[in-house]
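S.K.: Build me a structure from this.
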Amino acid sequence: MAAQSPEATTVPSVRDADRTRTEILDVATQEFADKGYTGARVDEIAAKTRTTKRMIYYYFAGKEQLYIAALERAYTGIRALEQQLDVDHLDPAEAIRQLAALTFDHHEAHPDFIRLVSIENIHRAQHLIRSDILPGLADPALNVLTRILERGRSAGRFRDDVDPVDIHMVISAFCVFRTANRYTFNAIFQRDMLDPARREHYRTMLGDLVLEYLTAR
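M.R.: Take a look at the predicted model:
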């Protein structure tokens, strides 16, 4: 059997490439979330993976591109969940609760997402605006909300002076604050907003707040 050439043995398969990219992004997300864009180092990311700094640059070209890729994956994760949410058959009020609960659950389970978004706001979204997927980032959330609001208005139950961005902002504000401000809030008020004993209380509160606003006359 003929020996393989050196070139053949060093070209990663598609599966290996995907696995390597995923591993790099997993570690990079943690590093950027913990240390910020400025504090994170590609050398340290490489040291915590099974690859090399050279291969990181091969896959992502540079630190900024790696950071943008981590941001993109973080955003597309929640957007994919929103697209999969099947609420068109539900009562509009229950549909709103389901969408709010989805965001609540996601943000609680992905604190790195909250930290990345906070870090990017410190940088005034200068990296995110360079993302190729930015134009489509809002569509999944707003499409679902638009359909729910239209059905609620048609039934005479929701006010007509609220748009999908308003509701998305209210839901996001509650969910982001609960996770991002967990430690300072606890230090001041001695209440852990992520205490499992209070989880269902806050989850229900979010739905109540949004629906109270939507049905206020």
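S.K.: switch to C-alpha atoms for all contacts and neighbour counts from now on
M.R.: Fine.
S.K.: For this protein, which segments are assigned as helices?
M.R.: Remark: helices assigned in the chain by DSSP state H are 6-10, 14-39, 42-47, 53-60, 63-84, 92-109, 111-122, 139-154, 164-180, 182-189, 199-215.
S.K.: Any idea which of those helices gets closest to residue 128?
M.R.: Checking the helices of the chain against residue 128 by Cα to Cα gives helix 63-84 as the closest, at 6.4 Å.
S.K.: which other helices and strands contact that closest one?
M.R.: Packing partners of helix 63-84 (3 or more Cα pairs under 8 Å, 6 or more residues apart in numbering; DSSP states H and E): helix 14-39, helix 92-109, helix 111-122, helix 139-154.
S.K.: repeat that for 10 Å
M.R.: On a contact count with 3 or more Cα pairs under 10 Å, 6 or more residues apart in numbering; DSSP states H and E, helix 63-84 meets helix 14-39, helix 53-60, helix 92-109, helix 111-122, helix 139-154.
S.K.: now these as TSV including distance to residue 73, mean pLDDT and mean neighbour count?
M.R.: Output for these, formatted as TSV (distance: least, Cα to Cα, whole Å; pLDDT from 0 to 100; neighbours: other Cα atoms under 10 Å):
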stretch	distance to residue 73	mean pLDDT	mean neighbour count
helix 14-39	8	92	17
helix 53-60	13	94	15
helix 92-109	14	97	19
helix 111-122	9	96	19
helix 139-154	15	94	18
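S.K.: Now those in TSV, please, with extra columns for distance to residue 191.
M.R.: As requested, the helices and strands packed on helix 63-84 are exported to TSV (distance: least, Cα to Cα, whole Å):
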stretch	distance to residue 191
helix 14-39	23
helix 53-60	41
helix 92-109	16
helix 111-122	18
helix 139-154	31
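S.K.: Rebuild the helices of the chain as a markdown table, extending it with distance to residue 131.
M.R.: Shown next, in a markdown table, are the helices of the chain (distance: least, Cα to Cα, whole Å):
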| stretch | distance to residue 131 |
| --- | --- |
| helix 6-10 | 30 |
| helix 14-39 | 15 |
| helix 42-47 | 20 |
| helix 53-60 | 13 |
| helix 63-84 | 7 |
| helix 92-109 | 22 |
| helix 111-122 | 12 |
| helix 139-154 | 15 |
| helix 164-180 | 21 |
| helix 182-189 | 29 |
| helix 199-215 | 31 |
